[in-house]
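In: Pasting a predicted model and its sequence here:
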Amino acid sequence: MSEIVDIIKILCSELNIRSAVLGSLCLQISLILASPSRRWTRCSIIIFFIWLAYVVADMVAIYAIGLISKTHHGNQSDDSGDASSSSPSPELLSFWAPFLLVHLGGPDTITAFSLEDNQLWRRHLTTFFMQAGTILYFFYLSLPNNRLKFPTSLMFLSGCVKYLERTRSMYLASKNKFRDDMNRDVSLQPDHDQTEKYAKKWQKIVDHPEVIAARTVRQQEEQEEPLLSELDVLKRAGGLLEIEQALLADMILGLPIRDSSRKLFEGVSARDALRVLEVELGFTYRVLYTKFQIVRSAWGRIARVLAVAAVLLALSSFHLNYGSDFDDIDVTITYTLLFGALALEALAILKSSLFDPTTGAATTFRAWWRKHVVAGCCEPFFWAWLRKLAVVVFYKPFLHLTGRPEEATPPEGRPVISDEWCGSVSGFNLMTYSLRRYEIGSYLPRLVQDQWLFKSSKPLREDLWEFIYLELKEKSNKYVTTKDLDSVRKACSVRGEGVMEKYGLDKGCIDLMPSVVNIPYDESLLLWHVATELLYNNASDESQGREPEYKEFSKTLSDYLLYLLVMQPAMMSTVSGFGKVRFEDTCSKVRKLFGEWGVGSNQIRSAYKKLLNAKPEFGAPAASSKGSDSNKENVVLFTASRLAKELQKLGTEKWEVVGKVWVELLSYAAINCDKTAHAQQLSKGGELITFVWLMMAHLGLSVQFQEDAYVWEPKGDLFDVEKEAELANRP
């Protein structure tokens with residue numbers, strides 16, 4: 001019996017070494033293929049598996065190095081050789097170990113899963129010295145009889161390069177280093193002449209002749225295709241990149257930089273502005289989470305050529321001299337590791353040369369791909385059938401739960417298609433969530449009542465983005481003057497009162513202004529969310545002109561901001577206050593009210609009508625009529641009801657007013673959001689609020705632009721305009 005146990009232990013040990021080495025390679029291939037999807041997906045399952053692969057990949061590689069070291073020492077101490085007769089030879093074990101060092105270096109597409117991982121660069125550096133020292137030690141022990149000294153040395157060199165690339169990338173993206181790099185080019189005293197000079201220097205970047213020459217000559221009315229060429233978008237995004245990074249580092253910039261940034265968006269359509277922001281944030285994602293800064297530097301390119309050459313020489317040396325001297329299975333594994341290392345490098349080069357929008361040489365290919373393949377063949381077929389499938393499978397069966405009639409389906413707008421972020425707007429509806437919790441809460445477990453099950457998502461429509469963009473530009477033209485910084489602070493602090501003043505509602509409608517001023521932001525958001533829902537589901541509402549568009553805009557933004565408040569608390573932490581508590585309290589009141597009224601799924605419209613037509617005294621805290629205790633408990637609901645009735649008095653302008661109020665609420669949350677939350681969300685599919693924040697900053701709607709700012713000069717070493725333009729225009 002003991003002999004059988006010993007045999008099983010030996011077999012398990014042999015299987016662990018080979019399977020761990022191959023498993024480490026498979027995890028690296030999975031990471032390089034799957035990790036870029038973090039930019040454009042919010043699917044928690046996909047992100048979870050990427051995180052799992054990211055964590056397990058390092059664990060498996062380190063575990064495999066430990067197994068090789070243990071087996072190697074066992075072979076060295078076993079004079080008879082019986083215990084390891086079927087194990088890989090010590091020479092191959094020494095040759096396989098550097099491949100694991102290559103795997104620990106990780107693919108180019110992911111160095112950090114989150115911003116916090118970049119802060120651990122010292123731990124990764126320590127791990128490198130420990131693992132490299134271990135590999136060198138048992139390589140030294142095998143030197144007297146090792147015939148694979150030359151290929152092993154080459155692979156060790158390649159592994160050191162890859163691991164140090166990853167550690168260096170994490171170091172450059174760490175918070176302290178990121179800010180130090182930006183502060184390095186700031187003088188200690190304000191100098192307006194120097195600031196003007198640097199602003200003119202930066203303006204040369206965005207007005208480079210190659211950029212102007214690359215602009216297309218399409219007419220303004222032809223909106224079916226973007227007006228800016230791929231290269232022009234690339235140049236503008238590259239010119240704005242360092243300004244965005246300075247804003248993320250909480251730096252104070254001068255007014256000339258602000259004015260130059262604003263001029264860049266003069267005469268630019270909403271769709272093209274979004275394209276510029278997409279590529280710009282794509283730059284930032286790569287700086288923070290990939291090896292972008294390393295592989296695009298001169299030393300990085302040299303190191304990459306050295307690493308690839310080392311793998312090629314190791315493959316040639318092993319094939320020509322030692323390929324037939326070992327067991328077939330071990331030779332197969334060795335070739336798999338060698339070709340796998342080359343495949344990882346080939347995939348990295350292919351992705352950076354053809355599919356990376358941050359390289360000028362790839363713009364021609366991307367333009368052709370989008371025009372003739374994606375836009376010409378895939379998009380019409382894909383989106384048409386996807387919409388049909390969504391309506392048949394997902395929409396119609398749940399009409400009875402949402403209480404929304406089929407004829408109320410929103411008009412279709414062209415969705416934003418992007419490979420830099422998810423291009424979708426999530427939503428969460430308080431009333432629908434409360435109703436469904438009321439119906440299923442009594443007989444389903446709490447796990448099924450999770451809020452994520454009630455989250456919705458829809459593609460960002462271009463007309464919605466255009467609505468937001470035009471509102472921000474109008475605010476910029478109104479408030480952003482040369483030196484009047486108080487007006488900019490006012491523009492950044494309004495959350496609805498600006499719209500009231502514009503339409504003259506700050507005096508005539510006594511119930512509107514209190515809903516946006518002198519109350520916490522989260523309470524104002526809940527009031528307008530419930531009021532928007534009541535108006536949206538009002539069967540007697542007859543919209544005309546552009547009112548249906550404004551109506552859908554209002555609904556989308558209302559659900560989106562509540563989604564941020566409830567499910568993305570990190571992005572709303574500076575403005576939410578007791579938002580989560582207030583939300584849960586309001587939901588409990590809604591469920592209690594629905595229970596008193598006996599509302600079911602097929603009666604939600606009647607409940608909305610009853611709440612909308614509630615008497616004014618329902619919301620009065622001092623009411624003494626019958627049922628006043630219940631009314632006091634539901635003060636938020638009935639206050640929202642009064643707000644909805646006051647909005648009804650505006651007639652055909654009501655949805656335009658509501659939509660613009662929601663834009664102000666969104667812009668207020670965006671500009672006050674923690675910058676770290678914006679950067680963190682780039683690795684989780686991106687959020688519309690991040691684009692709103694960046695658009696506001698580039699239009700000058702930010703308190704980070706001040707007159708007596710320190711001098712800051714863009715380095716320009718990350719994006720060489722002249723070189724990229726030359727590569728892109730080369731025949």
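Out: Noted; the coordinates are in hand.
In: name the element the closest residue to residue 500 other than its chain neighbours belongs to?
Out: The shortest distance from residue 500 to any non-neighbouring residue, by CB to CB, 6 or more residues apart in numbering, is to residue 506 (4.4 Å). (C-beta placed from N, C-alpha, C; glycine too.) Using DSSP states H and E, residue 506 maps to helix 505-508.
In: packing partners for the following helix or strand past that helix?
Out: Going down the chain from helix 505-508, the next helix or strand is helix 521-536, by DSSP H and E. With contacts defined as 3 or more CB pairs under 8 Å, 6 or more residues apart in numbering; DSSP states H and E, the packing partners of helix 521-536 are helix 430-440, helix 547-567, helix 573-576, helix 579-597, helix 604-612, helix 635-648, helix 654-672.
In: one more time with 7 Å, if that's ok
Out: Helix 521-536 is packed against helix 430-440, helix 547-567, helix 579-597, helix 604-612, helix 635-648, helix 654-672, with contacts defined by 3 or more CB pairs under 7 Å, 6 or more residues apart in numbering; DSSP states H and E.
In: got the CA positions of the fourth one in PDB?
Out: Which is helix 604-612. Taking C-alpha atoms only, helix 604-612 is exported to PDB below (Å, rounded to 0.1, in the frame of the first residue of the first chain):
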ATOM      1  CA  ILE A 604     -48.600  50.700 -11.700                       C
ATOM      2  CA  ARG A 605     -49.900  53.300 -14.100                       C
ATOM      3  CA  SER A 606     -52.900  53.900 -11.900                       C
ATOM      4  CA  ALA A 607     -50.600  54.200  -8.900                       C
ATOM      5  CA  TYR A 608     -48.500  56.800 -10.800                       C
ATOM      6  CA  LYS A 609     -51.700  58.700 -11.700                       C
ATOM      7  CA  LYS A 610     -52.900  58.600  -8.100                       C
ATOM      8  CA  LEU A 611     -49.600  59.900  -6.800                       C
ATOM      9  CA  LEU A 612     -49.500  62.600  -9.500                       C
END
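In: Packing partners of that helix?
Out: Helices and strands touching helix 604-612, by 3+ CB pairs under 7 Å, 6+ apart, are helix 521-536, helix 579-597, helix 635-648.
In: Next, the angle from that helix to helix 579-597.
Out: 100 degrees (axes from the mean of the first three to the mean of the last three CA atoms, to 10 degrees).
In: what do you get for the last one?
Out: If you take the same axes, to 10 degrees, helix 654-672 sits at 150 degrees to helix 579-597.
In: ok, now the second one?
Out: Taking the same axes, to 10 degrees, helix 547-567 and helix 579-597 form an angle of 110 degrees between their directions.
In: Not counting its own residues, what contacts helix 547-567?
Out: By CB atoms under 7 Å, 6 or more residues apart in numbering, the surrounding residues in contact with helix 547-567 are 410-411, 425-430, 451, 455-456, 463-464, 467, 522, 525, 528-529, 532, 536, 543, 571-572, 576, 579-580, 583, 652, 655-656, 658-659, 662-663, 665-666, 669, 688-689.
In: and the residues you listed, which are buried?
Out: When those are checked for burial by 16 or more other CB atoms under 10 Å, the buried set is 425-430, 455-456, 464, 467, 522, 525, 528-529, 532, 536, 571-572, 576, 579, 583, 655-656, 658-659, 662-663, 665-666, 669, 688-689.
In: ok, now which ones touch the residue lying closest to residue 104 once chain neighbours are set aside?
Out: Spatial nearest neighbour of residue 104, chain neighbours left out: residue 61 (4.9 Å); criterion: CB to CB, 6+ apart. Residue 61 makes contacts with 24, 100, 103, 104, as judged by CB under 7 Å, 6+ apart.
In: Neighbour-wise, give me the winner out of these.
Out: residue 103 (30 neighbours; other CB atoms under 10 Å).
In: For the helix or strand hosting that residue, which helices and strands make contact with it?
Out: Using DSSP H and E, residue 103 maps to helix 90-105. On a contact count with 3+ CB pairs under 7 Å, 6+ apart, helix 90-105 meets helix 2-34, helix 44-77, helix 121-141, helix 149-173, helix 328-350.
In: Return the alpha-carbon coordinates of it using CSV.
Out: Only the C-alpha atoms of helix 90-105 are listed here, as CSV (Å, rounded to 0.1, in the frame of the first residue of the first chain):
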residue,chain,number,x,y,z
PRO,A,90,17.6,19.0,-14.7
GLU,A,91,18.7,20.6,-18.0
LEU,A,92,15.1,21.1,-19.1
LEU,A,93,14.0,22.2,-15.7
SER,A,94,16.6,24.9,-15.8
PHE,A,95,15.5,25.8,-19.3
TRP,A,96,11.8,26.0,-18.4
ALA,A,97,12.3,28.2,-15.4
PRO,A,98,13.2,31.4,-17.3
PHE,A,99,9.9,31.0,-19.3
LEU,A,100,8.1,31.5,-16.0
LEU,A,101,10.0,34.7,-15.4
VAL,A,102,8.8,35.8,-18.8
HIS,A,103,5.2,34.9,-17.8
LEU,A,104,5.6,36.9,-14.5
GLY,A,105,6.5,39.9,-16.7
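In: Could you list the buried residues of the helix or strand following it?
Out: Using DSSP H and E, the next helix or strand after helix 90-105 towards the C-terminus is helix 115-118. Residues of helix 115-118 classed as buried: 115, 117, 118 (neighbour count, 16+ other CB under 10 Å).
In: What is the helix or strand hosting residue 242 packed up against?
Out: Using DSSP H and E, residue 242 maps to helix 230-248. Helices and strands touching helix 230-248, by 3+ CB pairs under 7 Å, 6+ apart, are helix 192-206, helix 255-263, helix 270-289, helix 363-368, helix 688-698, helix 721-728.
In: Go again with 6 Å.
Out: If you count contacts as 3 or more CB pairs under 6 Å, 6 or more residues apart in numbering; DSSP states H and E, helix 230-248 packs onto helix 270-289, helix 363-368.
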